[in-house]
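[1] Sequence first, predicted model second:
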Amino acid sequence: MEWLLDALRVVREVRDWTGTRRRADARADETRRALEDAARDLESFATAEGLDVPPAARVEKADREERLVDPLGPEDPRAAQGDDLADDGAVKTSDDRVRVEDIDPQAVSAIKRLRRYGYKGYLVGGCVRDLLLSISPKDFDIATDARPEEVKSVFRNSRIIGRRFRLVHLYYRGGKVLEVATFRAAITSEEEEEGRGDLLIRRDNVFGTEQEDAQRRDFTINALFYDPERGEIIDHVGGLDDIDAKVVRMIGDPDVRLREDPVRILRAIRFRAKAELTIEPSLEAALSRHVEELVRCPPARLLEETLKLLRMGHAARSFEEMMSHEVIKVLLPELDAFLSGHFSMLAGSPVMEERDPLEEVKAHLRALDDVVAQGPVTDDIVFGALLYPLADAVMEDADAEGRDRNRRLAELLAEIGGRIQLTRKMSETLRQCWGVQRHFAAETLGGGRRRRRMSPGTLVRRSFFQPALTLYEIHLRATGAPLDDVETWRDRAQQEGVFSDREDGGSDEDGPRRKKRRGGRRRRRATSSP
């Protein structure tokens, strides 16, 4: 008779949904009464059959901010009012550092909606950590005990994504996306044995409880939950104490947890650089012991975490941490060889005699931080700034030997990108951005001798003009040169009708698009004589 309870839940859902609508006329009232009678008849019939009828949990009103999230999905019998958190020894406390006005209202609305359907819902992870550290959160992630399919049934504007880690994205107007993840549990010993001693986590869809979810997270400062309805922080792992002490501490044995997911090495470095935290000594030692295991992670994920490290406004500090733990040596051995003067493409080249590679890289990353402070930048700019000194040396060496610059840059990117899997689009954009740096010199803009027939009017209309100009600005800042040329080029771009804003980072949509010309002569269509 389970179908009877399912039918009752559906009728209750439709009845409650119609009660939130503003329409008021005879037909709407008749529909509501019919649904009320149907629900009552089903309840009576189920009671007569000896079934345990769950109490109704009506939806009192519809949130105005949930217009894209109309009620949909079954009512859950767990929708009991009152405290839904078991007394398991977790610390529950209010904190003045977390202010309601700093929280995304749509995230709060989504949590209220999950609660209304009988599920738990909390803000979790980085957003709670950043709020407590007085840092503006970039994302507001939600954790719940609802399975991905259940979350999708509650939110119409949702999609289940991921294979290794299945979760739900909620889509809102303006391109905003909220991430909803189901509580997870750590992998069992049987699953570890299946990996034949390899602890690397390749799938993470073992659902669990709130407490298990907190325990399986990486660092204590990332395992805090925040209940926006009660205004409470829920701490299962001592993360609040570490927040107050500004310490990055691993949950569990650092050696085991880093073997499970070596990317946690990059995350620990990022937290230290971002908030000037101290890494707990046992974790600090484990970072260096397991740095070689980074190569076991998917290259795309390593690239993503590396770019995240460098584009948050603290690239210089992050780079120093990566050098001290030999992360650069593992992730970018070409850059490490350049820093030590042993890069194969520049072996024996006289261009390295007057260079200080390490100081050049640090200067460009400090300049990148200055640019990021004025607005976000794209991944092309971040990676281009990191490798700018290396690319500049390769181009200078090509000029000295009379070789083609573009071909040498392509060889460099093929050597680097083949291992960390740079996308073809990013590789091509970087090659173009580095290759046109010489065209930004004042003599080119002022009408002097143009090289390779690249006129200013042509350059500003190229799709890579924006990131190339931003990289030129970073180079000028790194070398202490004045920025007059950058402003002149921006004025020229505006005169040409090309939108010039660093926040867009030079996407392909910037500026007017021109039709591509066909190569060679066009054939005339053969016309039949009348």
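    Everything's here; your move.

[2] For this structure, give me the ranges with low pLDDT.
    Counting by pLDDT under 70, the chain has low-confidence residues at 1-2, 17-25, 55-89, 164, 187-205, 442-454, 499-530.

[3] now do 80
    Where the chain drops to pLDDT under 80, the residues are 1-6, 8-32, 45-89, 163-165, 186-205, 418-419, 441-454, 497-530.

[4] Could you point out the longest helix of it?
    Counting by DSSP state H, the longest helix found in the chain is helix 26-48.

[5] Mind giving me the packing neighbours of that one?
    The elements that helix 26-48 packs onto, with contact taken as 3 or more Cβ pairs under 8 Å, 6 or more residues apart in numbering; DSSP states H and E, are helix 2-19. Where C-beta positions appear, they are placed from N, C-alpha and C, glycine not excepted.

[6] Who are the packing partners of the helix it packs on?
    Using 3+ Cβ pairs under 8 Å, 6+ apart as the contact test, the elements touching helix 2-19 are helix 26-48.

[7] circling back: and the next element down the chain from the longest helix of the chain?
    Downstream of helix 26-48, the first helix or strand assigned by DSSP states H and E is strand 91-93.

[8] Residue 397 versus the spatially closest residue to residue 435 that is not a sequence neighbour, what's the distance?
    Nearest residue to residue 435, sequence neighbours excluded (Cβ to Cβ, 6 or more residues apart in numbering): residue 406, at 5.5 Å. With distances taken as Cβ to Cβ, to the nearest Å, residue 406 is found 14 Å from residue 397.

[9] which one of these two has more residues nearby?
    Summary of the neighbour comparison: residue 406 and residue 397, criterion other Cβ atoms under 10 Å, with residue 397 having more neighbours (19 against 15).

[10] Once you drop chain neighbours, what's closest to residue 97?
    Per Cβ to Cβ, 6+ apart, closest to residue 97 is residue 132, 5.1 Å.

[11] What are the buried residues along stretch 30-42?
    In terms of neighbour count (16 or more other Cβ atoms under 10 Å), stretch 30-42 has its buried residues at 31-32, 35, 38-39, 42.

[12] now do stretch 351-359
    Within stretch 351-359, the residues that qualify as buried are 351-352, 355, 357, counting by 16+ other Cβ under 10 Å.

[13] helix, strand or coil for residue 98?
    coil (DSSP: H, G, I helix; E, B strand; the rest coil).

[14] just to revisit the earlier point, show me what contacts the residue nearest to residue 97?
    Listed by Cβ atoms under 8 Å, 6 or more residues apart in numbering, the contact set of residue 132 reads 95, 97-98, 224, 233, 240, 243.

[15] hmm, 7 Å instead?
    Residue 132 sits next to 95, 97-98, 243 when contact means Cβ atoms under 7 Å, 6 or more residues apart in numbering.

[16] Please type out the PyMOL selection for whichever of these turn out to be buried.
    Here is the PyMOL command that selects the buried residues among the contacts of residue 132 (16+ other Cβ under 10 Å):
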select buried, resi 95+98+243
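
[17] okay, the contacts of residue 132 in a markdown table with distance to residue 149 next?
    As requested, those are exported to a markdown table (distance: Cβ to Cβ, whole Å):
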| residue | distance to residue 149 |
| --- | --- |
| 95 | 34 |
| 97 | 36 |
| 98 | 31 |
| 243 | 34 |
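
[18] which pair in the contacts of residue 132 spans the largest distance?
    98 and 243 (11.1 Å; Cβ to Cβ).

[19] Distance-wise, check the nearest residue to residue 15 once chain neighbours are set aside relative to residue 46.
    In space, residue 15 comes closest to residue 35 once its chain neighbours are excluded; the distance is 4.0 Å by Cβ to Cβ, 6+ apart. Counting by Cβ to Cβ, the gap from residue 35 to residue 46 is 16 Å.

[20] Also residue 302?
    In this structure, residue 302 and residue 46 are 55 Å apart, going by Cβ to Cβ.

[21] that older thread, in which helix or strand would I find the residue nearest to residue 435?
    In this structure, residue 406 is located in helix 405-420 according to DSSP H and E.

[22] picking up where we left off before, what's the closest of the buried residues of stretch 30-42 to residue 14?
    After measuring the buried residues of stretch 30-42 against residue 14 - Cβ to Cβ - the closest member comes out as residue 35, at 5.9 Å.

[23] Run through the strands of the stretch 201-350 of the chain in chain order.
    For the stretch 201-350 of the chain, the strands defined by DSSP state E, counting those that start in this stretch cover 224-227, 232-235, 247-248, 278-279.

[24] Can you tell me which of those strands is packed in deepest?
    strand 224-227 (a mean of 24; mean count of other Cβ atoms under 10 Å).

[25] what lines up beside that one in the sheet?
    strand 121-124 (antiparallel), strand 232-235 (antiparallel) (DSSP bridges).

[26] As TSV, those strands with distance to residue 260 would be great.
    Compiled in TSV, the strands paired with strand 224-227 are given as follows (distance: least, Cβ to Cβ, whole Å):
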stretch	distance to residue 260
strand 121-124	19
strand 232-235	22
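
[27] Can you check which of these gets nearest to residue 379?
    With Cβ to Cβ, the closest approach to residue 379 among the strands paired with strand 224-227 belongs to strand 121-124: 26.1 Å.

[28] Flag every buried residue along the closest one.
    121-124.

[29] more crowded one of residue 302 and residue 46?
    residue 302 (22 against 18).

[30] List the contacts of that one.
    Applying Cβ under 7 Å, 6+ apart as the definition, the contact partners of residue 302 turn out to be 263, 294, 331, 420.

[31] do the same with residue 292
    Applying Cβ under 7 Å, 6+ apart to residue 292 gives the contacts residue 330.

[32] do you know how far residue 11 is from residue 37?
    Summarising the geometry, the distance separating residue 11 from residue 37, computed by Cβ to Cβ, is 10 Å.

[33] err, residue 7, not the other one
    When residue 7 is compared with residue 37 (using Cβ to Cβ), they lie 14 Å apart.

[34] what's the answer for residue 105, then?
    Following Cβ to Cβ, the distance that separates residue 105 from residue 37 is 38 Å.

[35] can you pull the contacts of residue 224?
    The contact partners of residue 224, taken as Cβ under 7 Å, 6+ apart, are 128-129, 233, 235, 239-240.

[36] Next, format those residues as JSON lines and append distance to residue 213.
    Formatted as JSON lines, the entries for the contacts of residue 224 read as follows, by distance: Cβ to Cβ, whole Å:
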{"residue": "128", "distance to residue 213": "13"}
{"residue": "129", "distance to residue 213": "15"}
{"residue": "233", "distance to residue 213": "15"}
{"residue": "235", "distance to residue 213": "13"}
{"residue": "239", "distance to residue 213": "13"}
{"residue": "240", "distance to residue 213": "17"}
